[in-house]
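Colleague: Generate coordinates for the sequence data below:
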Amino acid sequence: MMTSHQWEEIPYETKFSITYTVAFFVIAELLVWAILGWALAFALFLCGVVLAALLVLFLSMAGLTKEAERNKDDMDDGA
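Modeller: Numbers count the residues shown, from 1 in each chain. Below you'll find the model as predicted:
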């Protein structure tokens, strides 16, 4: 661990450089996590949309199948 006396011995330019380098990497890491978070949220949203579309498709197919069976039964009864 660096003592305050050792820190004071470091030239101003070096302290300035260290501070801004650390700040840059902290901000860069936060940006990366923010982008990854938004990408994950968007991917989950798209999965939900696809699953909802598949559910509607399957339900409508089941409904159409039942409707076709009813129409077939009606045609058989009418013949």
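Colleague: gap between the longest helix seen in the chain and the chain center?
Modeller: In the chain, with assignment by DSSP state H, the single longest helix is helix 12-78. For helix 12-78, the gap between its own C-alpha mean and the chain's C-alpha mean amounts to 6 Å (CA atoms, centre = their mean, to the nearest Å).
Colleague: Which neighbouring elements make contact with it?
Modeller: For helix 12-78, there is no helix or strand it packs on, judged by 3 or more CB pairs under 8 Å, 6 or more residues apart in numbering; DSSP states H and E. C-beta here means a position set from N, CA and C on the backbone, and glycine is covered the same way.
Colleague: Please state the mean pLDDT value computed over it.
Modeller: Mean pLDDT, helix 12-78: 86.
Colleague: Begin at 270, not 1, for the rest of this chat.
Modeller: Sure, I'll start counting at 270 from here, so that last one is helix 281-347.
Colleague: State the number of residues packed around Ile279.
Modeller: 13 (other CB atoms under 10 Å).
Colleague: Could I get the phi/psi values of it?
Modeller: Dihedral angles of Ile279 (phi, psi; degrees, to the nearest 10) stand at phi -70, psi 130.
Colleague: Nothing else from me, thank you.
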